[in-house]
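Participant: I need the structure of the sequence given here:
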Amino acid sequence: MPEIVAERVELAFGEGAARTSALRDVNAAIAPEAFTIIMGPSGSGKTSLLSVLGALMTPDKGRVLVDGADLTTMSAEQLAAFRRKYIGFVFQSFRLMAGLTAEENVRMSLTMRGMRDSRNHALRALAEVGLERKGHLKPDAMSGGEKQRVAVARALAHDPMIVLADEPTASLDRASGLQVGDLLKAAVQRPGRALIVVTHDERLRPLADRVIFMEDGTIVREARKQYA
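Facilitator: Below is the predicted model:
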């Protein structure tokens with residue numbers, strides 16, 4: 001099962017006097033089969049950490065290990081292949097193609113990964129998020145909550161071992177936000193899968209097994225759910 005480990009990770013942006021530290025000596029171990037939330041004020045490094053853990057950015061210092069494989073030693077091509085195979089992303093802005101139906105949006109991500117039988121995989125994923133009857137709709141005919149559910153289906157359709165979500169409920173009303181939170185919580189029940197969500201949304205905290213709090217580019221504390 002793929003544990004995700006960050007060891008003394010540092011990341012900065014800019015040059016010279018304008019150089020700004022985004023991550024400072026971050027150490028974290030993310031266990032599989034757990035819903036982990038990263039919280040903190042704007043500019044605290046949450047999205048930077050998610051990007052490093054998701055192989056979207058390579059840290060300036062430190063290591064990121066996934067099931068023992070060191071992402072910081074991989075080439076750009078190897079990182080892209082790693083993301084396609086192992087990671088599903090969910091973003092605040094949905095990132096759906098306006099000219100495609102819900103089914104086509106999900107199928108496109110599968111086709112890009114070279115998966116066969118993309119239609120059945122897409123329909124199965126849409127059914128998992130309760131949209132089996134809306135696969136023919138384009139984004140402009142769907143509510144914000146429905147669009148985000150399509151985005152969740154797209155992230156899960158290739159059965160990734162790691163699911164990363166960046167503010168997935170920020171633009172949703174209470175009911176839709178809780179629905180998306182419940183879908184993500186259900187997704188982590190797959191054996192061996194890790195779920196990491198960056199959020200300001202306090203509604204998601206009761207769903208989390210672990211909450212990591214960040215300030216000024218570093219982890220300052222964490223809280224874990226206590227089970228009876």
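Participant: Would you agree residue 216 is in contact with residue 45?
Facilitator: Yes: under the criterion of C-beta atoms under 8 Å, residue 216 is in contact with residue 45, at a separation of 7.5 Å. Where you see a C-beta, it was placed from the backbone N, CA and C, and this is true even at glycine.
Participant: Mind checking which of the two has more residues around it?
Facilitator: Regarding residue 216 and residue 45, a neighbour count based on other C-beta atoms under 10 Å identifies residue 45 as having more, with 25 against 14.
Participant: one step back: any residues in contact with both of residue 216 and residue 45?
Facilitator: The contact sets of residue 216 and residue 45 overlap at residue 24 (C-beta atoms under 8 Å, 6 or more residues apart in numbering).
Participant: show me where the chain has helices.
Facilitator: Assigned helices in the chain, in chain order: 46-53, 76-86, 102-112, 118-128, 144-156, 174-187 (criterion: DSSP state H).
Participant: Specify the stretch among those helices that is closest to residue 222.
Facilitator: Closest to residue 222 of the helices of the chain is helix 46-53 (C-beta to C-beta; 12.9 Å).
Participant: residue ranges with poor pLDDT in this structure?
Facilitator: 1-2, 226-228 (pLDDT under 70).
Participant: Spatially central residue in this structure, please.
Facilitator: Of all residues in the chain, the one closest to the mean position by C-alpha atoms, centre = their mean is residue 164, 1.2 Å from it.
Participant: Mind putting the helices of the chain into TSV with distance to residue 94?
Facilitator: Below are the helices of the chain laid out as TSV (distance: least, C-beta to C-beta, whole Å):
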stretch	distance to residue 94
helix 46-53	17
helix 76-86	19
helix 102-112	9
helix 118-128	15
helix 144-156	5
helix 174-187	11
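Participant: what's the closest of the ones you listed to residue 211?
Facilitator: Nearest to residue 211, of all the helices of the chain, is helix 46-53, at 11.7 Å by C-beta to C-beta.
Participant: how much distance is there from that closest one to the middle of the chain?
Facilitator: Averaged C-alpha coordinates place helix 46-53 at 10 Å from its chain's average position (C-alpha atoms, centre = their mean, to the nearest Å).
Participant: Export that helix to PDB, keeping only CA atoms.
Facilitator: This file holds the C-alpha atoms of helix 46-53, laid out as PDB (Å, rounded to 0.1, in the frame of the first residue of the first chain):
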ATOM      1  CA  LYS A  46      -1.100  24.100   1.300                       C
ATOM      2  CA  THR A  47      -1.300  23.900  -2.500                       C
ATOM      3  CA  SER A  48       2.500  23.900  -2.900                       C
ATOM      4  CA  LEU A  49       2.600  20.800  -0.700                       C
ATOM      5  CA  LEU A  50      -0.200  19.200  -2.600                       C
ATOM      6  CA  SER A  51       1.700  19.900  -5.900                       C
ATOM      7  CA  VAL A  52       4.900  18.400  -4.600                       C
ATOM      8  CA  LEU A  53       3.100  15.300  -3.300                       C
END
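Participant: Which residues outside it are in contact with it?
Facilitator: 4, 6, 9, 11, 22-23, 26, 28, 30, 38-40, 57-59, 64, 164, 166, 196, 198, 214, 217.
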